[in-house]
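Visitor: Based on what follows, work out the 3D shape:
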Amino acid sequence: MSNKKVIIIGSGIAGLAAAIRLRNQNFDVQVYETNTYPGGKLTEIQTDGYRFDCGPSLFTMPQFVTELFTNSKKKVSDYFEYSKKEVVCNYFYEDGTRFSALADARKFAIEAEKIFDVEETEILRYFKNSKQKYDLTSSLFLEKSLHKLSTYLSFDTIKAITRIGNLGINTNLHNHNISSFKDPKLVQFFDRFATYNGSSPYLTPGIMSMIPHLEQYYGTFFPKGGMHSITKSLYQLALDLGVTFHFESKIDQIIIKKKKATGVTIDNKYLEADVIVSNMDVVPTYRKLLPDQKPPEKTLKQPRSSSALIFYWGIKKEFPELDLHNIFFSKNYKEEFQYIFEKKQVSNDPTVYINITSKNELNDAPKGCENWFVMINVPCNEGQEWDEVINQSRKNILDKLSGILQSNIEELIQTEQVLDPRSIEHNTQSYQGALYGSSSNNKYAAFLRHPNFSKKIKNLYFCGGSVHPGGGIPLCLLSGKIVSELIQKDFKS
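Guide: Residues are numbered from 1 along each chain as shown. Down below sits the predicted model:
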């Protein structure tokens, strides 16, 4: 196996994970990346004394990162350090209600009973139900290929199928939450977890109520050096293992001969390989790199997940009421999601998320200042007038934050950069700037995602947020794992 060569297209977090695992299987791993840097969306900006993480800002389930080091027989602390957060997130409602979600489930429930119209036991029951859903389905939906028969010939799968009525597949997340709680503010709190995979709580199935379990059971963490340190540490690990990276190297085409991927072309030069792994979004992979192959149109035309509009603001003041993660809720949540997924526009009262890494990493902002990553959920790029959307949304966000925080936020902005669906699409090749590939807005979404392998082309595999099991750091890392296991199995046989 030592002579077998793998070409990985793209060095996003899934590509890095696949590269590390395949190198540990003794493959010769070559990674080709269009950008000058690794990490895809998981990168950073430094400007005027401020440092900002650009992409994903929530770090949970750190075991999926650390196992890459332990599997490589490397000491995790030589590369990567992180600490657990006691406060997961601070929540602000328009009526003045404030709630700090604590990491400890019992403390969370006690605090929720004080703030919302709910009993501690109801919260703990919800978390227990959330855990049961995760335990029943994680090995099927997240850790294996959904598109291989062997996945279904297991005890875990049979157990999940026999309890399918308890999974909430035939209702949506919002309806599940209103059947669980009577306080609309608490319903809104738990509805928010649909945004973790770029979906709407009014459309995504109730099984998504498993997502709070990931925060409450596994915890929320802060990586020393910020989220970008995940990229940097995995990139360094890959280098130390002998993975070769080629930056500013745009693949032109994946070459298929007799229904088998044999290599790629770059600058009219043919590079042969035994295995091709695309960490590029699955839509441009087919449209651009496989022009002569019949694409799986039904899969590629699945509705996209939401995208993001992000303002990176250097703020010349410190706000003690804010922490690493902060949410400022909209008044009308249903309208907000109708705008995103039906009107393909942005409402005038969007929910605002602020991430402030300088709360944990003091060097990320000048003394007495804070680095605000200010994000709202927006539709994917379908040709909207984004400059107008940005200007109006900026005003709406500033009005909202200034009112709730009782401070003129605009006067405090020292530096500003903006990321919108157009630039996300341009920088990361994510089709239409969608953050999570296709949306999870129907109960069959998991099965409609593209598999981690080609059913028609031998030796062609896929990883990343646009394919199974989905977007976000943990799922992307798992897709790298699934791909490496499929390749190991295929090449053993």
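Visitor: use CA for all of it now, contacts and neighbours both
Guide: Noted.
Visitor: just for the protein, where's the confidence low?
Guide: Across the chain, the ranges flagged by pLDDT under 70 are 1-2, 140-168, 446-447, 493.
Visitor: can you rerun that using 90?
Guide: Within the chain, the stretches with pLDDT under 90 are 1-3, 132-170, 207, 213-217, 440-449, 492-493.
Visitor: which one in it is furthest away from the centre?
Guide: residue 258 (35.7 Å; C-alpha atoms, centre = their mean).
Visitor: Could you grab the helix/strand/coil label for it?
Guide: coil (DSSP: H, G, I helix; E, B strand; the rest coil).
Visitor: which phi and psi does it have?
Guide: With angles defined as degrees, to the nearest 10, residue 258 sits at phi 50, psi 50.
Visitor: OK, contacts around it?
Guide: Contacts for residue 258 (C-alpha atoms under 8 Å, 6 or more residues apart in numbering) come out as none.
Visitor: what about it, distance to residue 459?
Guide: Plainly put, residue 258 is 12 Å away from residue 459 if you go by C-alpha to C-alpha, to the nearest Å.
Visitor: So what's the residue count around residue 474?
Guide: When neighbours are defined as other C-alpha atoms under 10 Å, residue 474 has 21 of them.
Visitor: Equivalent analysis for the one 3 residues further on, please.
Guide: The tally of other residues near residue 477 (other C-alpha under 10 Å) stands at 26.
Visitor: list the buried ones in the helix or strand it falls within?
Guide: Taking DSSP states H and E as the definition, residue 477 sits inside helix 473-492. Residues of helix 473-492 classed as buried: 473-488 (neighbour count, 16 or more other C-alpha atoms under 10 Å).
Visitor: Spit out the contact partners of residue 420.
Guide: 308, 309, 310, 386.
Visitor: could you say which helix or strand contains the second one?
Guide: The one in question is residue 309. strand 307-315.
Visitor: Who are the contact partners of the most centrally placed residue in the chain?
Guide: For the chain, residue 472 is the residue whose C-alpha lies nearest the centre (C-alpha atoms, centre = their mean; 1.8 Å). Residues in contact with residue 472 (C-alpha under 8 Å, 6+ apart) are 56, 196, 197, 436, 465.
Visitor: Looking at those, which one is closest to residue 113?
Guide: Nearest to residue 113 out of those is residue 196 (C-alpha to C-alpha; 24.8 Å).
Visitor: that older thread, which of the contacts of residue 472 lies closest to residue 108?
Guide: Closest to residue 108, out of all of those and judged by C-alpha to C-alpha, is residue 196, at 19.9 Å.
Visitor: Quick check: the gap between the closest one and residue 348.
Guide: 22 Å.
Visitor: next one: residue 466
Guide: For residue 466, the distance to residue 348 - C-alpha to C-alpha - is 29 Å.
Visitor: Over to residue 209?
Guide: Look at residue 209 and residue 348: by C-alpha to C-alpha, they are 27 Å apart.
Visitor: When those two are compared, which one has more neighbours?
Guide: Using other C-alpha under 10 Å as the criterion, residue 209 and residue 348 rank with residue 209 on top: 28 against 16.
Visitor: I'd guessed that one sits against residue 130; true?
Guide: Yes: between residue 209 and residue 130 there is a contact under C-alpha atoms under 8 Å: 5.7 Å.
Visitor: my guess is residue 101 is in a strand, correct?
Guide: Yes: Residue 101 sits within a strand when classified using three-state DSSP.
Visitor: residue contacts, it?
Guide: 87, 88, 89, 90, 91, 108.
Visitor: Just among these, which is most surrounded?
Guide: Of the contacts of residue 101, with other C-alpha under 10 Å as the count, residue 88 tops at 23 neighbours.
Visitor: Wait, a strand at that residue?
Guide: Yes: applying three-state DSSP, one finds residue 88 inside a strand.
Visitor: so it touches residue 355, yeah?
Guide: No: with contacts counted by C-alpha under 8 Å, residue 88 stays clear of residue 355, the gap being 11.5 Å.
Visitor: now the contacts of residue 472: which count as buried?
Guide: Buried members of these, scored by 16+ other C-alpha under 10 Å, are 196, 197, 436, 465.
Visitor: which one is the first one nearest to, not counting chain neighbours?
Guide: Beyond its immediate neighbours in the sequence, the residue positioned closest to residue 196 (C-alpha to C-alpha, 6 or more residues apart in numbering) is residue 472, lying 7.6 Å away.
Visitor: Tell me how far that neighbour lies from residue 172.
Guide: 21 Å.
Visitor: Over to residue 210?
Guide: In terms of C-alpha to C-alpha, residue 210 sits 13 Å off from residue 172.
Visitor: Please apply the same query to residue 48.
Guide: 45 Å.
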